[in-house]
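Peer 1: the amino acid sequence is not available; the structure is as follows:
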């Protein structure tokens with residue numbers, strides 16, 4: 001019995017995307033460029049920067065957590081970062 005999957009039925013690899021929220025405390029904002037550099041050199045990608053305090057920080061954080069729930073990671077089927085965005 002042949003258990004191999006035929007090539008025409010092979011699926012693209014599934015990519016699990018994890019997002020991390022990083023906050024810079026107000027007293028460290030003068031080091032924002034250095035912090036950004038450390039993040040980038042560590043292999044992370046910065047998707048969004050917020051240079052101003054949100055009008056309602058608690059609601060903003062709640063919305064971010066709902067969109068980026070770590071218990072329900074986003075799954076992309078073989079798409080590159082640009083195609084998945």
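Peer 2: Sure, I can see it. No experiment lies behind these values; they were computed from the predicted model shown.

Peer 1: just the strands in this protein please.
Peer 2: Along the chain, counting by DSSP state E, strands occupy 14-17, 74-77.

Peer 1: lowest mean pLDDT across those strands, which one is that?
Peer 2: Ranked on mean pLDDT, the bottom entry among the strands of the chain is strand 74-77, at a mean of 65.

Peer 1: for stretch 19-32, how far is the first residue from the last?
Peer 2: Stretch 19-32 stretches 19 Å from its first residue to its last (Cα to Cα, to the nearest Å).

Peer 1: can you list contacts of that stretch?
Peer 2: Identification of contacts with stretch 19-32 by Cβ atoms under 8 Å, 6 or more residues apart in numbering yields 35, 39, 44, 47, 61, 64-65, 68. (Glycine included, C-beta is placed from N, CA and C.)

Peer 1: what about 10 Å?
Peer 2: 34-39, 44-51, 53, 57, 61, 64-65, 67-70, 73-74 (Cβ atoms under 10 Å, 6 or more residues apart in numbering).

Peer 1: neighbours around residue 64, how many?
Peer 2: A count of nearby residues for residue 64, using other Cβ atoms under 10 Å, gives 14.

Peer 1: any idea how far the spatially most central residue of the chain lies from residue 67?
Peer 2: Centroid-nearest residue in the chain: residue 19, 2.8 Å away (criterion: Cα atoms, centre = their mean). Distance, residue 19 to residue 67, by Cβ to Cβ, to the nearest Å: 9 Å.
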